[in-house]
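A.B. asks: Just a sequence and a predicted model for now, questions to come.
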Amino acid sequence: ERFVTDQLPLVIHSNSAEEIEQYFKDKLSFTLEIPRTLPLKNARLAGARMCHLNKVPVAYLVYYIDNKPVSVFLMHEEEAAQFRQVRDEDLQIPENMKYHRVGDKLVMTCKAKKAILTALGQVDEPTLHQLAMAYE
């Protein structure tokens, strides 16, 4: 809930993908690769922090798209299997994205390389889709 309401402070404030990748280097069980460019106008990386969901290490990144915060969570696909949304076979196809709402925020989950990506924010489906595809 704190992630959804943007109440967790960032540990690293940077728009540098390289700096944020370095921050996560020894914290995750997979190599985090952050896109250097995004196919979205008015999108910028703001920072990140390490977090845990049900004891699973997760990279938590914040982007601003049209001045609206968009949270991105990435976890290793094997560790993500305990989550109901991830067990769905449809997520094994990278182009398949699952959407649902939490309050006024749209939530999207998909596979991105060896990770499961969940993004949420007060944006539309095409925006979350483009953001997720940048991680392919």
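C.D. replies: Yep, it's here.
A.B. asks: Tell me the spacing between the residue nearest to Y135 when sequence neighbours are not counted and Y60.
C.D. replies: The spatial neighbour of Y135 that comes closest, neighbours along the chain excluded (Cβ to Cβ, 6 or more residues apart in numbering), is A112 at 3.9 Å. All C-beta atoms are positioned from the backbone trio N, CA, C, and that covers glycine. Distance, A112 to Y60, using Cβ to Cβ, to the nearest Å: 15 Å.
A.B. asks: In which helix or strand does the closest residue to K105 other than its chain neighbours reside?
C.D. replies: Once flanking residues are discounted, K105 sits nearest to L120: 4.9 Å by Cβ to Cβ, 6+ apart. Counting by DSSP states H and E, the element that carries L120 is strand 115-121.
A.B. asks: can you check H129 too?
C.D. replies: Going by DSSP H and E, H129 is part of helix 125-133.
A.B. asks: which residues are contacting that helix?
C.D. replies: For helix 125-133, the surrounding residues in contact (Cβ atoms under 8 Å, 6 or more residues apart in numbering) are 38-40, 43, 63, 65, 70, 72, 97, 99, 106, 108, 110, 112, 117, 119-121.
A.B. asks: Which stretches in the protein count as helices?
C.D. replies: 17-24, 84-87, 125-133 (DSSP state H).
A.B. asks: ok, of those, where does mean pLDDT dip lowest?
C.D. replies: Note on the helices of the chain: helix 84-87 shows the lowest mean pLDDT, a mean of 62.
A.B. asks: returning to what we had before: how many degrees apart are the strand holding L120 and helix 125-133 in direction?
C.D. replies: Compare the direction of strand 115-121 with that of helix 125-133 by axes from the mean of the first three to the mean of the last three Cα atoms, to 10 degrees and you get 150 degrees.
A.B. asks: I'd like to know which elements strand 115-121 is packed against.
C.D. replies: Packing partners of strand 115-121 (3 or more Cβ pairs under 8 Å, 6 or more residues apart in numbering; DSSP states H and E): strand 68-76, strand 105-112, helix 125-133.
A.B. asks: Just checking: what are the partner strands of the shortest one?
C.D. replies: The reference is to strand 105-112. Partners of strand 105-112 in the sheet, by DSSP bridges, are strand 98-102 (antiparallel), strand 115-121 (antiparallel).
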